[in-house]
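*Asks:* Here you go, sequence then predicted model.
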Amino acid sequence: MSSKPLSKKMLYFIGIFFATAIFLFFWQRFHWSSMSISLKDQELHVLVAKNIYQQYKGLGGRKQLAPYDGMIFPFYLLDKHTFVMRDMEFPIDIVWLKDGVVVDIAPNVPIEPDASEQELARYYPRTEANLVLELQAGWTQKNGLKIGDVMTLPK
C-alpha cells in the first residue's frame, strides 16, 4: 500500500484551519464583551466575564474600573459563587443576583495587596445566585440598592 503525499492545496487548508483555531482560542480568552444593564433606574455599561479565564481574572490587575461601571459574571448553575480580591487595585461592591433579582450584597470590599492566594478573604452569598455584579465601592449604598431589587436589560 502506498500513501500519497499531501498536496500543496491540502497543506494550505490545514494551515489556515490551525491558524484560525489558534486565533479563535486567543480571541475568546482575551476579548472582553460588554453590555448595558439597568439597576436602580440607572443604565450601567459593564464588562462581561463570559469564560472561566475571564471569571478567574475578573477586575484583577486593572488600575480603575472606568470607562465601565462594573463587571458581570453570568453562571449557568445556581450556586453560592465565591469571590476573592485577587490582584485587585481598588475596592468594589459585590452583588449576587438570582435571575436578575438581588439576593446578597458585600459592600466596600477592600483590596488585599499582600495576601497570598490562601490568605485571600472569601466572599460568599447567603443564598444561591447565577449572576454576580461587581461595582465601584460605595455604589450600592449611594444608590440604595437592597435585596429584592431587580436588574433589567435596557429597552
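*Replies:* Perfect, thanks for sending it.
*Asks:* Report the central residue of the protein.
*Replies:* Centroid-nearest residue in the chain: Ala49, 2.6 Å away (criterion: C-alpha atoms, centre = their mean).
*Asks:* thinking that residue is in contact with Gly70, fair?
*Replies:* No. In this structure Ala49 lies outside contact range of Gly70 using C-beta atoms under 8 Å: 10.7 Å. Backbone N, C-alpha and C define where each C-beta goes, glycine included.
*Asks:* Would you confirm that Gly100 contacts Gly148?
*Replies:* No. With contact defined as C-beta under 8 Å, Gly100 does not count as touching Gly148 (11.3 Å).
*Asks:* neighbour count winner among those two?
*Replies:* Gly100 (14 against 8; other C-beta atoms under 10 Å).
*Asks:* Report the beta-bridge partners for Glu43.
*Replies:* Ser38 (DSSP bridges).
*Asks:* And the helix or strand containing Ile94, what's buried?
*Replies:* Assigned by DSSP states H and E, Ile94 belongs to strand 92-98. By 16 or more other C-beta atoms under 10 Å, the buried positions in strand 92-98 come out as Ile92, Asp93, Ile94, Val95, Trp96, Leu97.
*Asks:* all strands of the chain, in order?
*Replies:* Counting by DSSP state E, one finds strands in the chain at the ranges 33-39, 42-48, 70-79, 92-98, 101-109, 129-136, 151-152.
*Asks:* possible to save those strands as CSV with distance to Pro5 and mean pLDDT?
*Replies:* Supplementary listing: these in CSV, determined by distance: least, C-beta to C-beta, whole Å; pLDDT from 0 to 100:
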stretch, distance to Pro5, mean pLDDT
strand 33-39, 43, 95
strand 42-48, 46, 96
strand 70-79, 46, 96
strand 92-98, 58, 98
strand 101-109, 61, 98
strand 129-136, 53, 98
strand 151-152, 59, 94
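*Asks:* CSV for those, including distance to Gly61?
*Replies:* Output for the strands of the chain, formatted as CSV (distance: least, C-beta to C-beta, whole Å):
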stretch, distance to Gly61
strand 33-39, 18
strand 42-48, 13
strand 70-79, 12
strand 92-98, 14
strand 101-109, 16
strand 129-136, 14
strand 151-152, 26
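*Asks:* Nice, that's everything, thank you.
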